[in-house]
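**Student:** Sequence unavailable; structure follows:
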């Protein structure tokens, strides 16, 4: 159950803009975005945890104890040809969330929304940081990493969240589930990363754009 | 460093060829199959290796725990050295290999520094006692792990220690450390050889070797992979052949390495070609860096030197005289400290002073926590500011960089306790010319004390490049020569020692009026006299201005370019902003301010409009409501976006507040009462909060029940408040069904309120089937629909 907490030396202002639905509002004050990124950085408690398992892609089954069958066609396709999988959980804790609520109560609506967006960007960065830390480890064993896939993407049902929590040891970083399968703290992610053997001159092409797999076509944060 | 040394190559693949089973512990071969290990060593020695590494890369207690072999740690390490020495027979030296634990050290991971230290200490002890000639700590990607291992190795034995990190393609370790910062820190901590291995091939390592060589005086080692691995016919293959590998050896030699060998994918053939290529090559002359004062964080190095622009040391992380910050620290909260860290860097601080001097708390624990958290948040190097040796050590141990110790005076306990800590952790020291008798008054006396501090420090092994000299500022209102002595002291420090200088400035003006004027004037004088790194408040505008102007005057800012740019920028925006608003009529100005979200300007505009005789109701209807209508249209058309709409809502709120304050009699027309909630089981309340904010600022009375709200509570609130509308939010398909329940419960309770629903997963179809009166796709739409719903009532 290895833990890795990536430092947040900066939160990506561009991603924060995107999550705040401001992709097209290029004139929106950069200072406000940067202020939100900074506040989020002060309040964030970045944590992540991961575990590696053998994977049977024929059966779509993680060889854990007990094993876990992954439901959903898209995720099955995504993990086709993978020998192993990494299950991970990442979070920035719940202080930001509390601050967002407080700001709404205080009438700082726009800052509240920007802070929420910065927290989303931050938790993605925490997961990115973990991937970056894992990549050379995996490469040394001859493995390439597919982009991370989370329950709720495509047709992978949220009902499998409890399995992801179990397999990633999410509880060790304080991430759990509400009765309706929502991650608590809210600014958390669980995900799976497929590991495939690198072949000479046949790097498996894969898109890092998670939005492509999502059915929310009108989402203001959708990447084009 | 008189000759080129050749290391061996990969061990793991050779062990597999010798019968190591997949999943078995490689180090167990040292006792179960020693001949295989010995033959590998021999093959490398015959190929030309002059240093061989023991088969102990994973033989630390923490690594052996994977195989349940922790209790055989000493045995496996000692056996490995014995085999290597037997294979070498004096033909090659033996380096005891120590690989990473596979876990990250706090705060990046969950392994404590002390546990990591103990782990490496035990292994280093076993290897050195068995007779290893070197210890080699290799393939580390976390600088904290390297620090723990190096401290452990130095404490466990006297043999030379080689420190090798692994860098990724971006030229940094996975955890962000650049080779320059690593070289400076490890050199200061007493590493004997500094280098790099694994991850990359020789080509990518040339620039890294160059940077290492330019930033430390130690010999440099490099053990590249034979390129990056890929799979061919079920086998992992490294692409670079022995001959190419040998050729790259020359480039690495030229870049500054004198210890060369191989890592993953290299074989005795690779080493043979490398040895062949380097045979009889003269060691190129390496230009060693001048001993300058460098400080580092995990990911950045900062130099303080006469030849460089002024470096600011931010003084704000200090609870002295600041009740709020002190109370926070006492309560164990570091939010204020973290804020000061980030804000000072933003304001231009290059280094941060950290002082946790609050009475009645555990100083060491507080310093450890503060240093850890700040180092995760900013890359500015830190100065550890304390008079408590325990707190100093706690801070130095926790810090993944080369810190500055603030401060070492010529007082016996500082000399006795602080200097050895500086040497051990590779810290630099801020020297303060104070003796047990007090502060020497004249420059000449200060020089005298300083000479003694430096001599004592050098006796402990510190060297040029480790010192920052404080000129010691006294109060000019108490001593008319205070300023003059500082200026002379600064000049004499430079002449006599040549080391960079510092001081806390603000003491000079104590007791005088308009202190900023005295401080900034004094600052400018000191900069001219040779001050390199003031400890100051970076938010102080007069000081920043003095610095800008001085930089232009003293030639640090050629032709005053930065100065001009800064002054020009200050002049522009305000004028433009006022020009825009004054052209509009009072009502138009209010409307435009709402649309532009000019929250700070709106109270004055409302006040002006009232003064001009415009009725409060007219302002509400023709300016505020009209603005919201326009905003709704722009939002719907994709010309305006949510954060902007919310900024307008904030501006509306400020306008309403001003109206209420100035015309308490004129009540804004109530559109109706809305009870709003995120349904049971759902913890997402951002959308609900946004909608609530917009409704509340469009004339609705809002009762917000929060998130995860039970149906009975919603029904109760709707009836008690005689709600016109109940707004329900559900984000997920799993919680959406709660909407049906609330609607049914409302009907059953006989409540006539209209129901409006929304949330990411909710659709018009779903709303219809659940029997809702309206579906709002977003907050702006919700306001529009709410207005229609109450009209129908």
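**Tutor:** That came in fine, so what should we check first? As the structure is a prediction and not an experimental result, all values here were calculated from the model. Numbering: from 1, shown residues only, chains lettered A, B, ... in the order given.

**Student:** now the strands: where do they sit in the stretch 101-250 of chain B?
**Tutor:** B:134-140, B:161-165, B:193-197, B:220-223, B:230-232, B:235-237 (DSSP state E, counting those that start in this stretch).

**Student:** Which of those strands has the lowest mean pLDDT?
**Tutor:** Among those, strand B:230-232 carries the lowest mean pLDDT, a mean of 72.

**Student:** Next, the buried residues of that strand.
**Tutor:** B:230, B:231 (16 or more other C-beta atoms under 10 Å in any protein chain shown). In short, each C-beta sits where N, CA and C put it, glycine included.

**Student:** Please name the nearest non-neighbouring residue to residue B:522.
**Tutor:** residue B:508 (4.9 Å; C-beta to C-beta, 6 or more residues apart in numbering or on different chains).

**Student:** Could you tell me what pLDDT the model assigned to that neighbour?
**Tutor:** Confidence for residue B:508, expressed as pLDDT, is 94.

**Student:** Repeat that for the one 5 residues further on.
**Tutor:** For residue B:513, the model assigns a pLDDT of 95.

**Student:** That one: neighbouring residues, count only.
**Tutor:** 7 (other C-beta atoms under 10 Å in any protein chain shown).

**Student:** Check the one 5 residues further on too.
**Tutor:** When neighbours are defined as other C-beta under 10 Å, residue B:518 has 20 of them.

**Student:** Show me how far the one helix or strand it maps to is from its chain's centre.
**Tutor:** Using DSSP states H and E, residue B:518 maps to helix B:515-529. Relative to its chain's centre, helix B:515-529 lies at 32 Å (C-alpha atoms, centre = their mean, to the nearest Å).

**Student:** Give me the helices and strands touching it, please.
**Tutor:** If contacts are counted by 3 or more C-beta pairs under 8 Å, 6 or more residues apart in numbering or on different chains; DSSP states H and E, helix B:515-529 sits against helix B:482-496, strand B:533-536, helix B:541-554.

**Student:** Determine the angle, from 0 to 180 degrees, between that helix and helix B:482-496.
**Tutor:** 20 degrees (axes from the mean of the first three to the mean of the last three C-alpha atoms, to 10 degrees).

**Student:** Contacts for helix B:515-529 next, please.
**Tutor:** Helix B:515-529 has contacts (C-beta atoms under 8 Å, 6 or more residues apart in numbering or on different chains) with B:310, B:471, B:476, B:483, B:486-487, B:490-491, B:503, B:505-506, B:508-509, B:512, B:531, B:534, B:536, B:540, B:542-543, B:545-547, B:549-550, B:553-554.

**Student:** let's go with 7 Å and repeat that
**Tutor:** Applying C-beta atoms under 7 Å, 6 or more residues apart in numbering or on different chains, the set of residues contacting helix B:515-529 from outside is B:310, B:483, B:486-487, B:490-491, B:505-506, B:508-509, B:512, B:534, B:540, B:542-543, B:545-546, B:550, B:554.

**Student:** On the three-state scheme, the most centrally placed residue in chain A is what?
**Tutor:** Among the residues of chain A, the one closest to the centroid is residue A:189, at 4.4 Å (C-alpha atoms, centre = their mean). Following DSSP: H, G, I helix; E, B strand; the rest coil, the label given to residue A:189 is strand.

**Student:** just checking, it touches residue A:123?
**Tutor:** Yes. Here residue A:189 lies in contact with residue A:123, judged by C-beta atoms under 7 Å, at a distance of 5.8 Å.

**Student:** Now the common contact residues for these two.
**Tutor:** residue A:90.

**Student:** Around chain A, pick out the residues from the stretch 501-650 of chain B.
**Tutor:** Within the stretch 501-650 of chain B, the positions adjacent to chain A are B:638, B:641, B:642, B:643, B:644, B:646, B:647, B:649, B:650 by C-beta under 7 Å from any C-beta of the partner chain.

**Student:** Including secondary structure, could those residues go into JSON lines?
**Tutor:** Shown next, in JSON lines, are these (three-state DSSP):
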{"residue": "B:638", "secondary structure": "coil"}
{"residue": "B:641", "secondary structure": "coil"}
{"residue": "B:642", "secondary structure": "helix"}
{"residue": "B:643", "secondary structure": "helix"}
{"residue": "B:644", "secondary structure": "helix"}
{"residue": "B:646", "secondary structure": "helix"}
{"residue": "B:647", "secondary structure": "helix"}
{"residue": "B:649", "secondary structure": "helix"}
{"residue": "B:650", "secondary structure": "helix"}
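
**Student:** among these, which ones are buried?
**Tutor:** B:641, B:642, B:643, B:644, B:646, B:647, B:649, B:650.

**Student:** Export those residues to TSV and append columns for pLDDT.
**Tutor:** Converted to TSV, these look like this (pLDDT from 0 to 100):
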residue	pLDDT
B:641	89
B:642	88
B:643	91
B:644	91
B:646	92
B:647	92
B:649	91
B:650	93
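
**Student:** Throw these into JSON lines and include distance to residue A:221, thanks.
**Tutor:** Output for these, formatted as JSON lines (distance: C-beta to C-beta, whole Å):
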{"residue": "B:641", "distance to residue A:221": "11"}
{"residue": "B:642", "distance to residue A:221": "11"}
{"residue": "B:643", "distance to residue A:221": "12"}
{"residue": "B:644", "distance to residue A:221": "16"}
{"residue": "B:646", "distance to residue A:221": "16"}
{"residue": "B:647", "distance to residue A:221": "19"}
{"residue": "B:649", "distance to residue A:221": "21"}
{"residue": "B:650", "distance to residue A:221": "22"}
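
**Student:** Which element, helix or strand, includes residue B:610?
**Tutor:** Secondary structure assignment for residue B:610, by DSSP H and E: helix B:602-611.

**Student:** and after that helix, which helix or strand comes next?
**Tutor:** Once helix B:602-611 ends, the next helix or strand along the chain (criterion: DSSP H and E) is helix B:616-618.

**Student:** Any idea how far that following helix is from the middle of the chain?
**Tutor:** That offset, for helix B:616-618, works out to 52 Å (C-alpha atoms, centre = their mean).

**Student:** for the record, mean pLDDT for it?
**Tutor:** For helix B:616-618, the per-residue pLDDT averages 89.

**Student:** in stretch B:111-123, what counts as buried?
**Tutor:** B:111, B:113, B:115, B:116, B:117, B:118, B:119, B:120, B:121, B:122, B:123.
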